[in-house]
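> fold the stuff below for me.
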Amino acid sequence: MKEARRSLHIFLSAVLFAVILSAAVPSFAQEKNPVKIEEVSITAPDGVKLATIVARPDREGKFPTIITRTSYGSDSMKKYMQQFAQRGYVYVMQDVRGRYNSEGVFVPFVNEIPDGDATLRWIRSQPWSNGVIGARGHSYLGFTSLYLSAGKETPPQAIFASDPVASPMGGLYTNGAMNHHFDYYWAILVDGKGRDLQSVISIDWEHVFTLLPLRDADQLGVKSEISYYKQWVDWANGSFGKGILPETSQFNCKDTAVLLVGGWFDLFCPEVLKLYSRLRTQNSGEKVKLVVGPFDHNYSPPPESEMDFGDWKIVDVTA
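Predicted coordinates:
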């Protein structure tokens with residue numbers, strides 16, 4: 001399923017970027033060009049170094065750039081990045097602040113706008129950049145892609161976001177209540193520099209989800225004090241992080257092509273639909289598209305039910 005998800009990402013990204021960025025891609029874009037991979041650091045406004053991997057065509061010229069800012073580690077994505085670089089794109093993959101190889105402390109959502117601004121400025125200053133940028137990502141990576149349009153820098157020309165945390169407030173809370181099944185699980189998953197996925201899977205979730213009081217569930221469940229999780233619990237008193245968490249009202253997408261993908265069985269789908277409506281109004285709907293399908297957050301098939309979704313499948317477009 002992981003490969004199928006990547007295949008769908010590649011296909012939809014390719015459609016968006018081929019249409020929007022095609023004029024900026026060199027004529028040899030259909031060839032499999034030699035690729036150069038570099039590891040660099042980009043300095044955030046407060047001096048924090050953000051670990052970044054750059055995969056680009058190994059030849060002279062200026063190229064369009066695709067950027068992904070990830071909380072799940074960039075080292076394992078080099079082969080994936082090469083698929084784009086071979087076709088004439090520069091791919092920039094960055095560990096967000098406080099995660100994996102980047103400096104600083106990770107506080108979900110809070111620092112992504114200024115850190116994203118610094119990254120956009122850096123890309124546009126590079127000798128290989130033609131100034132054309134597309135952003136892409138799934139889930140939190142979809143959030144970091146979308147909020148590249150919320151800062152002081154000129155937004156990317158195109159954004160592809162699948163099952164994104166479109167609104168942090170709407171993702172953490174629903175109708176005034178904590179989405180505890182998500183908030184607690186994800187807080188543990190992204191705690192610290194990088195947690196082994198298998199160790200998270202092996203947690204007795206049936207037990208830890210019952211732990212009370214909620215504010216101490218981090219220490220009771222995994223013996224770790226997760227400050228932002230405690231803050232999310234405190235915000236459930238009615239503040240919901242307002243004034244601290246970024247909001248979709250900050251977007252400036254009037255000149256940006258946006259492709260949103262949501263799943264009917266995904267927690268974030270309602271916020272994706274709201275964002276689609278907002279962006280359609282913001283840029284007259286000319287460049288905003290939405291795809292919604294019968295899958296959950298991980299593109300798993302729909303649960304067994306009496307509903308008939310027809311014959312659908314994800315095709316491996318990289319085969």
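
> V92 belongs to a strand?
Yes. Remark: V92 belongs to a strand, assigned using DSSP: H, G, I helix; E, B strand; the rest coil.

> for it, what are its contacts?
Counting by CB atoms under 8 Å, 6 or more residues apart in numbering, V92 touches 52-54, 65-68, 119, 123. C-beta coordinates here come from the backbone N, C-alpha and C atoms, glycine included.

> how many neighbours does S129 have?
Applying other CB atoms under 10 Å, we find 18 other residues in the vicinity of S129.

> so it sits right up against T65, yeah?
Yes. Taking CB atoms under 8 Å as the definition, S129 is a contact partner of T65 at 5.9 Å.

> following the lowest-mean-pLDDT helix or strand in the chain, which helix or strand comes up?
In the chain, no helix or strand scores lower on mean pLDDT, DSSP states H and E than helix 2-21, which sits at a mean of 54. Next in sequence after helix 2-21, counting helices and strands by DSSP states H and E, comes strand 35-43.

> quick check: angle from the helix or strand following that next one to strand 35-43?
Past strand 35-43, heading to the C-terminal end, the next element that is a helix or strand (DSSP H and E) is strand 49-57. In this structure, strand 49-57 runs at an angle of 160 degrees to strand 35-43, with axes from the mean of the first three to the mean of the last three CA atoms, to 10 degrees as the basis.

> helices and strands around strand 49-57, which ones?
In terms of contacts (3 or more CB pairs under 8 Å, 6 or more residues apart in numbering; DSSP states H and E), strand 49-57 is packed against strand 35-43, helix 78-85, strand 90-95, helix 112-125.

> I'd like the distance between the closest residue to W264 other than its chain neighbours and F265.
With sequence-adjacent residues excluded and distances taken as CB to CB, 6 or more residues apart in numbering, W264 is closest to P294, at 5.7 Å. Relative to F265, P294 is positioned 7 Å away (CB to CB, to the nearest Å).

> repeat for N33
Separation of N33 from F265 (CB to CB): 39 Å.

> who has more neighbours, those two?
Looking at N33 and F265 with other CB under 10 Å, you find the greater number of neighbours at N33, namely 20 against 16.

> quick one: low-confidence ranges for the stretch 201-319 of the chain?
Scanning the stretch 201-319 of the chain for pLDDT under 70 picks out 284-285, 302-306, 309-319.

> all set, thanks.
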